[in-house]
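Asks: build me a model from this:
(chains A and B)
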Amino acid sequence: MSRGFTARKYFILVLIAGIGSALLIRLFFIQVIADKYILSANNNVLRYITQYPARGFVYDRNGKLLVYNEAAYDLMVIPRQIRDFDTTGFCRLLGIDVQTFIEKVEKARKYSSYRPTIFFPQISKENYGFLEEKLFRFPGFYVQPRTLRKYPLAIAAHTVGYIGEVSPAMIERKPYYKSGDYIGISGIEKSYEEILRGKKGMKIRVVDVHNRDMGSFQEGKYDTLPVAGIGLWASLDADLQAYGELLMTNKKGSIVAIEPSSGEILALVTSPSYDPNLLVGQVRSRNYAMLARDTARIPLFNRALMAQYPPGSTFKIVNALIGLHEGILKPTTAFGCPGGFSLGSGKVVKCHAHFSPLQLKQSIQFSCNTYYCHAFRNIIDKGSRKSTRAGYEKWRKQVWDFGFGHKFETDLANELNGNIPSADYYDRFHGKNRWNSYSIISLAIGQGEIGVTPVQLANLCATIANRGFYYPPHIIRAIGKADSLNSKFLKKHVLNIEKEHFDLVVDAMEDVVLAGTATGARMDSISVCGKTGTAQNPHGKDHSIFIAFAPKDNPRIALCVIVENAGFGATWAAPIASLMIEKYLTRKIQRQDLETRMVEGNLLR
Amino acid sequence: MERAGRTIFSNVDWILISLYAILVILGWLNIYAAVFDEQHKNIFDITQQYGKQMIWIGAAVILAAIILLIDVKFYSAFSYILYGLGIISLIIVFIIGKEISGSRSWFQVGGFGVQPSEFVKFTTSLLLARYISTLHIDLQKTRHLMVALLIIFFPAALILLQNDTGSAIVFSAFMLVLFRFGMPLKYLLIPVAIVLLFLLSLMVDKLILTGIIALILIIPVIRFRRKISRKQVVAAILIALLGVGTVFTVDFVFHRVLEPHQRQRMEVLIGKETDLKGAGYNINQSLIAIGSGRLTGKGYLQGTQTKYDFVPEQSTDFIFCTVGEEWGFLGSLVVIALFVGLLVRIILVAERQRSIFSQAYGYGVACILLFHFAINIGMTLGLVPVIGIPLPFFSYGGSSLWAFTILLFIFIKLDASRYEFL
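Replies: Take a look at the predicted model:
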């Protein structure tokens, strides 16, 4: 009777074939088409362990250590591996409360249950020894050695800058960085990040289901070794920098000193400053907040590169050189000074008392306002036959050529442009064709809308010292080896103003110090050339400015000193500049009294 | 008529024996790969699972030889006694058995465990074949069908009582044998329909499902009301009530009858439970292991997921993960083709038998193996709930290997002696 149902064998054969096919189709989907499983498999067994390289050191021009590394230890957590343990004991060990512990673990879990997250950053060497003995009791936690930046001399905080944990936005832009990595945020640390940081290495380990280490992945075929960061030799002279910071104690302002023959910055002092060691490690965010809150002193503000002042009378040199080059001024050109320059309708650009009339050299020596009002008018009005606007643009282009109004784009992090207003600006301000040389006459004496940074003024001084050219100011002189000169910025920028005009101006600047407005900067042993300036300050007492270089022949240092709210350039800026020159050129200060007076002067009240 | 030769191998089906041998050896190699570690590299190391499996294989070969030596009449004549012994062993194991992971289904003999439920599969096959082959038996008759069902479900119930649900469910495979030998189709479809409805009710809103059932059954009744008999209308209404009844008892069954772990496995299957560290862990890791094998696999002994213990039960119930991970899609294809080939061969060989007894037994063998094959691999691929039953010939374990060897070799013996039956 069963024979009657033979056809039913096909039903069963089809069922067998159907099941076989269903399994194969499913296998095809998960093995050949889907690729999420291979990723999950790698997540299961592979552990990528980052090998952090040591960050490069920074030295000064004489090989003195400015920045180095000190060992520190990050306590890492892998949330998935946490088992029950004595939480209270653990918290006591770290000095945190249980609430913080729970929050931190939750935060780590949110990032990833499987991947290590920094639980407690930068444990000091002493605490680490203590912790290491007990760590085995706390599964899921381990220690990863890291390095902390140290600043043995605690100088040039703004220049060396600081590093900090990379932000999520930065990680998105630069995938090299992973959460918890450090990156240079300002100063040299930022400009030379890619050289200093080196290259991270990666070890790939295989683990089993209990997270036991089962050895390296494919005999370490894909492992990479970390490459240590490369050392840098800053152009700074640590002694000079420290001395500058000392002189600027309790003063606002900055000192920028440049070696004219190379554009290397010898000192970049910003005051008030801070100890760079404050912005390291665990205490960084707290200290940063503290410094950021100090709105009276603004210690985080890098005045040397970012503060913009009207250059005051120092700018007369620029106008004198442009006038000479244009043939509008001759060394013998003389103007009388009746105590001011009349703008008509009762307005007068005032001048101080000196003999009259005076020629070009004397106009610099005694800083005559009237002289430069005349000169500037001629430059603008005779510069172009077409219009004031064309004449102004021509003048502006020449000023631009001195390095004003734009960044040097070298390795100075966070430098600002300064401001040489465009003709458009005056068009907007006064109306098109409704302004002339009288409207902008303040520019003749470096006042008005013009803004320059201390480093730009120092560069002007270096240009004069070089008699007509400059190398863009930069802070790193060698990379990797002390004697490998950083040729990147050794591009000579030559102004199209003749050397003889510079010679004339240099003579005048020597007279400024010998018998002019800045006799306070005079030294018997060293021939200093300088020019005073006073930047008008609508908010308080004027800023004292002095630019100087020395020696007169083959100058080795050119600098700009700005002391805010200190009055005339001659009172504070000139003596400080002369002390800096003395320090740099002789390494010893003869004028102890002057030094003491400058250091103790407190202009911050 | 040809007489049987002198050797035990005369007239044996070499294709079946070859497929068996290939599967057993592949199983052994994969067990080695699944539990491989650097300290125990010797595949013959009998302190390790693969070393033991080698001994089980040796014993299985001896068992197979003994089966081929025994007079073929024994299997038919002793089917009642063997079935009875099987039932007794199931009762005894319930009393003196050792409890392993929740089920009391193992005899502990020295350091070695024997699971009687594995062996009851062939005794049940034998008795069922004997019953079906009895002259006046007609499975279209409800009374005869009931007896056949009783033969199947008596041992299944005892196994269920031992809390070994997986092994018990295997016995439902015999329904296919009954179908082949005359059971009306509806008795096959109704349980399948109920299971499908059960799963659907877990996923779809109950009222919608009720509406669908009503529509499917009521519309034809109204449409063809003049052409159908009163009896057919009553049948439709009964089916509808059964369907709706199933839908509304699902919650009760799901929450009160099923064990929590069974409930979770169902939820994992239908995608309601997604806790990859809890109930979904096994399936997720199994899929990762198999899926990461890609087309050609990671290579023998190179599977990281199985080697480093991410996959649970990797040498027994989840042995297919090793195949999928190390041999990839191509290797899986070969293994599945071998199983399909074995099953088809058993059906073809069964169909050439002259005696209904041999034929019915052959179908019993095929259906049991098919069920294990489909459920075990389906489970590793997340197609069916996790039911802990081994992959025949592949999975580590003496009991299951021997039981499957006996099951298959009795059939080979029956086939070899097919000319002796009248």
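Asks: which residues of the stretch 151-300 of chain B lie near chain A?
Replies: B:176, B:179-182, B:284-285, B:287-295 (C-beta under 8 Å from any C-beta of the partner chain). For every residue, glycine as well, the C-beta is placed using N, CA and C.
Asks: in ChimeraX, select just the buried ones from those residues.
Replies: In ChimeraX, this line selects whichever of those come out buried by 16 or more other C-beta atoms under 10 Å in any protein chain shown:
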select /B:176,179,180,181,182,284,285,287,288,289,290,291,292,293,294
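Asks: in its sheet, what does the longest strand seen in chain B sit against?
Replies: Longest strand of chain B, by residue count under DSSP state E: strand B:103-109. Using DSSP bridges, strand B:103-109 pairs in its sheet with strand B:98-100 (antiparallel), strand B:112-114 (antiparallel).
Asks: tell me the most buried of those strands?
Replies: Neighbour counts (mean count of other C-beta atoms under 10 Å in any protein chain shown) averaged over each of those peak at strand B:112-114, with a mean of 16.
Asks: report the distance from that strand to the chain centre.
Replies: 20 Å (C-alpha atoms, centre = their mean, to the nearest Å).
Asks: and for stretch A:449-460?
Replies: 16 Å.
Asks: if we can go back for a sec, CA-only coordinates of the longest strand of chain B in CSV, if you can.
Replies: The C-alpha trace of strand B:103-109 is given here as CSV (Å, rounded to 0.1, in the frame of the first residue of the first chain):
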residue,chain,number,x,y,z
SER,B,103,19.0,18.4,31.7
ARG,B,104,19.1,15.0,33.3
SER,B,105,19.9,12.9,30.2
TRP,B,106,23.4,11.5,30.7
PHE,B,107,24.7,8.2,32.1
GLN,B,108,28.0,8.7,33.6
VAL,B,109,30.2,5.6,33.0
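Asks: quick check: mean pLDDT of it?
Replies: Across strand B:103-109, pLDDT averages out at 75.
Asks: need the contact partners of that strand.
Replies: For strand B:103-109, the surrounding residues in contact (C-beta atoms under 8 Å, 6 or more residues apart in numbering or on different chains) are B:89, B:93-94, B:96-100, B:113-117, B:159, B:162-164, B:167.
Asks: quote the end-to-end distance of stretch A:115-127.
Replies: Stretch A:115-127 has an end-to-end distance of 25 Å (criterion: C-alpha to C-alpha, to the nearest Å).
Asks: okay, buried residues for it please.
Replies: A:115, A:116, A:117, A:118, A:119, A:120, A:121, A:122, A:123, A:127.
Asks: in helices, which of the residues you listed appear?
Replies: Judged by DSSP state H, the subset of the buried residues of stretch A:115-127 located in helices is residue A:127.
Asks: of the buried residues of stretch A:115-127, closest to residue A:331?
Replies: residue A:122 (63.6 Å; C-beta to C-beta).
Asks: from memory the closest one sits against residue A:149, does it?
Replies: No. The pair residue A:122 and residue A:149 does not pass the contact test of C-beta atoms under 8 Å, sitting 10.8 Å apart.
Asks: contact partners of the helix or strand hosting residue A:394?
Replies: According to DSSP states H and E, residue A:394 maps onto helix A:388-401. Helix A:388-401 is contacted from outside by A:318, A:322, A:325, A:379-384, A:405-406, A:420, A:422-423, A:426-427, A:433, A:435-437, A:440, A:495-497, using C-beta under 8 Å, 6+ apart.
Asks: my read is that residue B:233 contacts residue B:221, right?
Replies: Yes. Counting by C-beta under 8 Å, residue B:221 is a contact partner of residue B:233 at 5.8 Å.
Asks: can you list the domains in chain A?
Replies: The record, using automatic domain parsing to delimit domains, assigns chain A the ranges A:74-146, A:238-277+A:300-600.
Asks: hey, least reliable of those domains by pLDDT?
Replies: domain A:74-146 (a mean of 81).
Asks: SS state for residue 407?
Replies: Answering for chain A, as no chain was given. Secondary structure, DSSP: H, G, I helix; E, B strand; the rest coil: residue A:407 is coil.
Asks: nope, chain B
Replies: Per three-state DSSP, residue B:407 ends up helix.
Asks: so does the helix or strand encompassing residue B:18 get close to chain A?
Replies: Element membership for residue B:18, per DSSP H and E: helix B:14-35. No. Helix B:14-35 does not reach chain A (C-beta under 8 Å from any C-beta); its nearest approach is 12.5 Å.
Asks: tell me who's in contact with residue A:302.
Replies: Residue A:302 makes contact with A:158, A:186, A:270, A:414, according to C-beta under 8 Å, 6+ apart.
Asks: again but with residue B:319, I slipped
Replies: B:27, B:30, B:31, B:34, B:390, B:391, B:394, B:395, B:396.
Asks: now swap in residue A:223 and tell me
Replies: Residue A:223 touches A:201, A:202, A:203, A:204, A:216, A:217, counting by C-beta under 8 Å, 6+ apart.
Asks: now do the contacts for the last one.
Replies: Contact criterion C-beta under 8 Å, 6+ apart gives A:46, A:204, A:205, A:206, A:223 as the residues in contact with residue A:217.
Asks: what's the closest non-adjacent residue to residue A:544?
Replies: residue A:566 (3.7 Å; C-beta to C-beta, 6 or more residues apart in numbering or on different chains).
Asks: can I take it that the one you found is in a helix?
Replies: No. Membership of residue A:566 in a helix is not supported by three-state DSSP, which gives coil.
Asks: and it, how many neighbours?
Replies: 23 (other C-beta atoms under 10 Å in any protein chain shown).
Asks: residues in contact with it?
Replies: Residue A:566 neighbours (C-beta under 8 Å, 6+ apart): A:251, A:253, A:541, A:542, A:543, A:544, A:572, A:573, A:603.
Asks: hmm, 10 Å instead?
Replies: A:251-253, A:534, A:541-545, A:572-573, A:576, A:601, A:603 (C-beta atoms under 10 Å, 6 or more residues apart in numbering or on different chains).
Asks: sorry, back to before: ok, so of the residues of the stretch 151-300 of chain B next to chain A, who is nearest chain A?
Replies: Nearest to chain A among those, counting by C-beta to the nearest C-beta, is residue B:291 at 2.5 Å.
Asks: got phi/psi on the nearest residue to the closest one once chain neighbours are set aside?
Replies: Leaving out its chain neighbours, the residue that sits closest to residue B:291 by C-beta to C-beta, 6+ apart is residue A:37, at 2.5 Å. Backbone torsions of residue A:37, given as degrees, to the nearest 10, read phi -70, psi -30.
Asks: now swap in residue A:537 and tell me
Replies: Torsion angles, degrees, to the nearest 10, at residue A:537: phi -130, psi 110.
Asks: distance check, it against residue A:564.
Replies: For residue A:537, the distance to residue A:564 equals 8 Å [C-beta to C-beta, to the nearest Å].
Asks: kindly report the same for residue A:398.
Replies: Distance from residue A:398 to residue A:564, counting by C-beta to C-beta: 29 Å.
Asks: which one of those two has more residues nearby?
Replies: residue A:564 (24 against 21).
Asks: surely the more buried one and residue A:301 touch.
Replies: No. Using C-beta atoms under 10 Å, residue A:564 is not in contact with residue A:301, being 11.5 Å away.
Asks: what is in contact with the two at once?
Replies: By C-beta under 10 Å, 6+ apart, the residues touching both residue A:564 and residue A:301 are A:252, A:307.
Asks: how about TSV for the strands paired with strand B:103-109, with mean pLDDT added?
Replies: Shown next, in TSV, are the strands paired with strand B:103-109 (pLDDT from 0 to 100):
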stretch	mean pLDDT
strand B:98-100	72
strand B:112-114	77
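Asks: residue B:140: which of the ones you listed is closest?
Replies: The nearest among these, by C-beta to C-beta, is strand B:112-114 at 38.8 Å.
Asks: what's in contact with the closest one?
Replies: Taking C-beta under 10 Å, 6+ apart as the rule, strand B:112-114 contacts B:52, B:55-56, B:89, B:93, B:97-98, B:100, B:105-108, B:397-399, B:402-403.
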